[in-house]
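Novice: Next comes the sequence, and after it the predicted model I'd like to discuss.
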Amino acid sequence: MNRKIKVYGDSISGNCYKIKLLCSELGIDYDWQELDILAGAARTPEFLAMSPNGKVPLLELADGRYLAESNAILSYLGEGSRLAGTDRFERATVLQWMFFEQYSHEPYIATSRFIVRYLGNPPERRADLEQKKAPGNRALEVMDRQLLKTPFLTGDSFTLADIALFAYTHVAEEGGFTLDDWRGIGTWLARIMSRPNYKPMYS
């Protein structure tokens, strides 16, 4: 009997939500293992044996191998599909935006949301939040400039780049960012949410 892939994750994590979005888009069947990361479920000896960095999401393949890092998992599951890009340049552009997400977007927008949503916005982290505002808004500005020109980040087609950046952008307000000023982003968010196989984070 063929085993399904298994995803270890936290349902309100944007990084984990990326995997759910992709699997819904491509009709990939999987088992989900919920982990309470605040309770240390990703730091147990058993989990660290599978994922030494102790973070979610973690993909367990049918053959028993493991793959960590959300964008690596997106690349693995999306390989060969239209979402990975249809030619060499588009594939590289998809990766360009995915690297942007990890380096210029997530450290500010996702981390701000973590401080507010997971940690309860403690007073001792308010300075951290304030420091993340300017670089986080710069990342949104970069996205907005592109999305005022094209329907999706790499052009006319929905790709892994859109999944990677949608996950935390659409809940950026939970971290204190305002999306009302970004017309291109607003239209893009609505466009993704209207896709037939769209899966909401809170569902």
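Specialist: The structure has been received and is ready for your questions.
Novice: Report the residue spans of this structure with pLDDT below the cut-off.
Specialist: Segments of the chain classed as low confidence (criterion: pLDDT under 70) are 1-2.
Novice: Can I get stretch 71-91 in PDB, CA atoms only?
Specialist: Provided in PDB are the C-alpha atoms of stretch 71-91 (Å, rounded to 0.1, in the frame of the first residue of the first chain):
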ATOM      1  CA  ASN A  71      10.300  27.000   0.500                       C
ATOM      2  CA  ALA A  72      12.300  23.900  -0.100                       C
ATOM      3  CA  ILE A  73       9.200  21.800   0.500                       C
ATOM      4  CA  LEU A  74       7.300  24.100  -1.900                       C
ATOM      5  CA  SER A  75      10.000  23.500  -4.500                       C
ATOM      6  CA  TYR A  76       9.900  19.800  -4.000                       C
ATOM      7  CA  LEU A  77       6.200  19.300  -4.200                       C
ATOM      8  CA  GLY A  78       5.700  21.800  -7.000                       C
ATOM      9  CA  GLU A  79       8.500  20.500  -9.200                       C
ATOM     10  CA  GLY A  80       7.300  19.700 -12.700                       C
ATOM     11  CA  SER A  81       4.000  21.700 -12.300                       C
ATOM     12  CA  ARG A  82       3.100  25.000 -13.800                       C
ATOM     13  CA  LEU A  83       3.600  26.600 -10.400                       C
ATOM     14  CA  ALA A  84       7.400  26.100 -10.600                       C
ATOM     15  CA  GLY A  85       7.600  28.100 -13.800                       C
ATOM     16  CA  THR A  86       7.400  27.100 -17.400                       C
ATOM     17  CA  ASP A  87      10.800  28.000 -18.700                       C
ATOM     18  CA  ARG A  88      14.300  28.600 -17.300                       C
ATOM     19  CA  PHE A  89      13.900  32.300 -16.700                       C
ATOM     20  CA  GLU A  90      10.500  32.000 -15.100                       C
ATOM     21  CA  ARG A  91      11.800  29.300 -12.800                       C
END
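Novice: what comes up buried for it?
Specialist: For stretch 71-91, the neighbour count (16 or more other CB atoms under 10 Å) marks 71, 73, 74, 75, 77, 78, 83, 84, 85, 90, 91 as buried. For every residue, glycine as well, the C-beta is placed using N, CA and C.
Novice: which residues does residue 185 contact?
Specialist: Shown in contact with residue 185 (CB atoms under 8 Å, 6 or more residues apart in numbering): 140, 143, 144, 147, 169, 179.
Novice: do you know how far it is from residue 31?
Specialist: When distance is defined by CB to CB, to the nearest Å, residue 185 is 33 Å away from residue 31.
Novice: Now do the helices in the protein.
Specialist: 14-26, 45-50, 70-78, 88-100, 111-113, 126-147, 160-169, 183-193 (DSSP state H).
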